[in-house]
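*Asks:* Provide a 3D model corresponding to the input given below.
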Amino acid sequence: MSLVAPIPDIEVRPSPATIPAAWFEVRPHDLSIWNNILLGTATSLYQYPFWNEPNRPLWLTPRYLVWGTQNHPLTYVCILTIGFGPAKIGLVFRGPARLYQEIEFPQAAITGLFDWARSHGYIFIRFTHSDPQILTQLAAAGHAEDFDAFPYFLDYPVLCPDYIVEQYDADEDTLATLDREARRKIRRATELGYEFRSDDSPEALAKAWPLYRDCSHRKHFRLERPLSVYMEAMRLAQAHNCVRLYSVLLHGKLVGSTLVFRDRTTAHCQLAAFDAEHRQSAAFLHWHSMRNMYRLGARRYNLGPGPGSLARFKQQFCQHPVSYPAPLTVVLKQDWFRLWMKLVFPIAKRLRPTLRKIVTCLKP
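*Replies:* Reported below is the predicted structural model:
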């Protein structure tokens, strides 16, 4: 497997067992390089620096760790950190990640990761991962609880299944996998004269933001992050050709929009909004979004979860959604964790809606 990484001082290749390995932090000036490295692997979008760096204003500090040596990195993880000193909580979304799929995830790396976390004051780390085997390995390395001890900031697909479209080279072959109703809607929107446009600038999202805001009020859903966070993520991902803002227009008026980020294999639709009178353009917009992302290298298009009535629409693209394992909490400091569960967790859980609303409104 080749890793896309024009790195002057880091050579990425499988390490012989004789090479001593340890966890070390990625230097801040190497973060852009690591975006490129991860694009050559199966690492999830939620582990990329360009996705995690914008979370800093939300009191989430990313720590980027690599296991191996400077010249032979083998395993990578991003830990979003809350707290300070001896009272830190770690959140790991879809990680750790193996940089080489042919190399088994080493148990020594997991043990070393927990040793590093204890020495840096972490009370517990909450993990999500699409691979249940890795979660099993994590659980085997220490005191693990099969529940979410920090249910305030979570990647959606853990809560309900993802609708993922597998794509093919030819439009016709991909279209054939869609429901007949989706194909009819795409054809009808084309006949009505809807136009599709693509942009990758944060400024384009700022112009489209009123559409997202109005749609969220109308449909009663919450925009999980402020506009400023999405704009910064776009700015960082733009340098790696990993983001697009797709739009659908009718007679020059913006009536629908999707914000899509990609990792190596999958395009993730993070936001979608439509004018109330133009919902019929939704299939048209997602169809052109997924095909454009396929041309950028993402063969899968993730429409995201489908709670409520959204499931009916997304099933027209994907009949069998993908479910993921539940979160895993690994406890590193027993006494502190008991205090968290007894004193902080019950209060914070009741305050969750308020906290989420505050986060959404930060730095609009």
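*Asks:* is the residue nearest to the spatial centre of the chain in a helix, a strand, or coil?
*Replies:* With distances taken as C-alpha atoms, centre = their mean, the chain has Tyr46 as the residue nearest its mean C-alpha position (3.3 Å). On the three-state scheme (DSSP: H, G, I helix; E, B strand; the rest coil), Tyr46 is labelled helix.
*Asks:* and the strands in the protein?
*Replies:* Secondary structure of the chain, counting by DSSP state E: strands at 22-25, 61-68, 73-84, 87-92, 97-98, 122-127, 143-145, 162-166, 195-199, 243-250, 253-262, 266-274, 300-305, 328-331.
*Asks:* in the longest one, what's buried?
*Replies:* The reference is to strand 73-84. By neighbour count, with 16 or more other C-beta atoms under 10 Å as the criterion, the buried positions of strand 73-84 are 73-82. In this view, the C-beta of every residue, glycine as well, is placed from N, C-alpha and C.
*Asks:* and stretch 267-283, by the same measure?
*Replies:* For stretch 267-283, a neighbour-count test (16+ other C-beta under 10 Å) marks 267-275, 278, 281-283 as buried.
*Asks:* quote the end-to-end distance of that stretch.
*Replies:* This stretch, stretch 267-283, spans 16 Å end to end (C-alpha to C-alpha, to the nearest Å).
*Asks:* so how far is that stretch off the chain centroid?
*Replies:* Taking C-alpha atoms, centre = their mean, to the nearest Å, the mean C-alpha location of stretch 267-283 is offset from the chain mean by 19 Å.
*Asks:* ok, back up a step: need the max-distance pair from the buried residues of strand 73-84.
*Replies:* Leu74 and Ile82 (27.4 Å; C-beta to C-beta).
*Asks:* who is Tyr64 paired with across the strands?
*Replies:* When bridges are called by DSSP bridges, Tyr64 pairs up with Cys78.
*Asks:* my read: it touches Leu80, true?
*Replies:* No: the pair formed by Tyr64 and Leu80 falls short of the contact definition of C-beta atoms under 8 Å, at 10.5 Å.
*Asks:* quick one: closest of the strands of the chain to Phe114.
*Replies:* Taking C-beta to C-beta as the criterion, strand 328-331 is the member of those that comes nearest to Phe114, at 6.8 Å.
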